[in-house]
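Everything below, folded, please.
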Amino acid sequence: MTSDWTPTEEEARTLARYKKAREVERELKPATRIIGLEALHKGATPAQLAELTGESAETFRRLRDANDIPVDPRYQSRAELARARKVALPEAAE
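This is a model prediction of the structure:
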């Protein structure tokens, strides 16, 4: 592997923008999780929060489940099936 690599100006700008975006993400993530948790308590769906934040809906499903927030009754059976699959996965690995 060579150690004399130097990025082009365009590459350097792109990498610097990416680094800044990561810093901003780390700064905003805790507040976003708090807002998301409050929104879930108020009835927001993981899909709504995913659309607003660019995170996956799974991120907010896990946040909801970790905080024992009830699932909307319309999606209760689907949530129960997903939880059953999660429980069954470790047994299948044995």
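
mind listing the helices in the protein by residue range?
Along the chain, the segments classed as helices by DSSP state H run 9-41, 46-53, 57-66, 76-93.

Packing partners of the shortest one?
For helix 46-53, the contact count by 3 or more CB pairs under 8 Å, 6 or more residues apart in numbering; DSSP states H and E identifies helix 9-41, helix 57-66 as packing neighbours. C-beta: built from backbone N, CA, C; applies to glycine.

what does that helix contact?
Contact partners of helix 46-53, identified using CB atoms under 8 Å, 6 or more residues apart in numbering, comprise 32, 36, 39-40, 55-61, 63-64.

And for the third one?
Contact partners of helix 57-66, identified using CB under 8 Å, 6+ apart, comprise 33, 36-37, 40, 45-47, 49-50, 71, 83.

And the residue nearest the centre of the chain, how far from Ala82?
Nearest to the geometric centre of the chain sits Thr59, at 3.3 Å (CA atoms, centre = their mean). Counting by CB to CB, to the nearest Å, the gap from Thr59 to Ala82 is 14 Å.

do the same with Gly43
20 Å.

Neighbour count for the two, which is higher?
Taking neighbours as other CB atoms under 10 Å, Gly43 and Ala82 compare with Ala82 leading, 14 against 10.

What part of this protein, helix or strand, is modelled with the least confidence?
Here the helix or strand of the chain ranked lowest by mean pLDDT, DSSP states H and E is helix 76-93, holding a mean of 70.
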